[in-house]
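Chemist: Okay, predicted coordinates and the sequence, questions at the end:
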Amino acid sequence: MELRTLMVRAADTAIAVVQGVGPATLDRPTPCPSYDVRGLAGHMAGWMTDRARGAATKQTVEGAPDESRDVTASPGWADRFADGVRGAAEAWSSPAAWEGTSSLSGAMRMPAEVLGGMMFAELLLHGWDLAAATGQKFALDDDLARALFDQVSSMAGMAREYGAFGPEVEVPASASFTDRALGLAGRDPGWAP
């Protein structure tokens, strides 16, 4: 199954988790050592909304986002995130988005199919990160789980090399595709704050 056909479902999964983040959970740690819940929400809003849509439409948003800005301080932040991520996912649903090269910041161009795959994986991995940190349920349907595992398998080496993933966490071969993807991405599927 092509990832482009799953982008909106991946976005909806992440959106549901973000909309379940309550004010009392914003200072909790996440499985991403550099981010608490507030910081991870800012990271996701910075990279997975306008920038991701721009990468899909080949209209790059130049520069890196300001991740020091607290996006959760503004009323309606989760709804704005939902609108931005849904727009990006819809843009990545077009076959043209996956052609040629593109960039998330203008600093480095790469094959669009690599960026689209990164967007897909990041939506679901960071969706899981936030769900684990805030005590929410996170369940993927079979298509999303298999596609996540396949995508993480294809990018894990490069992601570890660039520091995006931590060391692989061993999980049983009989584990679910979601748990196996989490392990490959350097996450312990049993993590809790």
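Modeler: That came through fine.
Chemist: Any idea how far apart the tips of stretch 132-140 sit?
Modeler: End-to-end distance for stretch 132-140: 14 Å, by C-alpha to C-alpha, to the nearest Å.
Chemist: residues of it that come out buried?
Modeler: Within stretch 132-140, the residues that qualify as buried are 132-134, 136, 138, 140, counting by 16 or more other C-beta atoms under 10 Å. C-beta: built from backbone N, CA, C; applies to glycine.
Chemist: repeat for stretch 175-186
Modeler: Buried-residue list, stretch 175-186, by 16+ other C-beta under 10 Å: 176-186.
Chemist: Turn the residues you listed into CSV, including distance to Gly117 and pLDDT.
Modeler: Converted to CSV, the buried residues of stretch 175-186 look like this (distance: C-beta to C-beta, whole Å; pLDDT from 0 to 100):
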residue, distance to Gly117, pLDDT
Ser176, 20, 97
Phe177, 16, 97
Thr178, 17, 98
Asp179, 20, 98
Arg180, 17, 97
Ala181, 13, 98
Leu182, 17, 98
Gly183, 18, 97
Leu184, 14, 97
Ala185, 13, 97
Gly186, 17, 96
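Chemist: Just those: which are in helices?
Modeler: Counted as lying in helices by DSSP state H, out of the buried residues of stretch 175-186, are 177-184.
Chemist: Phi first, then psi, for Asp36.
Modeler: phi -90, psi -180 (degrees, to the nearest 10).
Chemist: Spit out the contact partners of it.
Modeler: 26-30, 133 (C-beta atoms under 8 Å, 6 or more residues apart in numbering).
Chemist: picking that back up, distance to Gly100 added to the buried residues of stretch 132-140, as TSV?
Modeler: Below are the buried residues of stretch 132-140 laid out as TSV (distance: C-beta to C-beta, whole Å):
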residue	distance to Gly100
Ala132	36
Ala133	36
Thr134	38
Gln136	37
Phe138	33
Leu140	29
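Chemist: What segments of this structure are strands?
Modeler: Applying DSSP state E to the chain gives strands spanning 101-102, 110-111.
Chemist: okay, which residue of the chain is out on the far edge from center?
Modeler: Distance from the centre of the chain peaks at Ser174, with 24.7 Å (C-alpha atoms, centre = their mean).
Chemist: count of residues packed around the residue lying closest to Gln19 once chain neighbours are set aside?
Modeler: Distance criterion C-beta to C-beta, 6 or more residues apart in numbering; nearest residue to Gln19, sequence neighbours excluded, is Ala78 at 4.7 Å. Neighbourhood size, Ala78 [other C-beta atoms under 10 Å]: 18.
Chemist: how about low-confidence regions in this structure?
Modeler: Applying pLDDT under 70 to the chain picks out no residues at all.
Chemist: make it 80
Modeler: 1 (pLDDT under 80).
Chemist: can you give me the helices in it?
Modeler: Counting by DSSP H, the helices of the chain are 7-19, 37-47, 50-57, 77-92, 112-134, 142-161, 177-184.
Chemist: how about the fifth one: buried residues?
Modeler: For helix 112-134, the neighbour count (16+ other C-beta under 10 Å) marks 112-113, 115-134 as buried.
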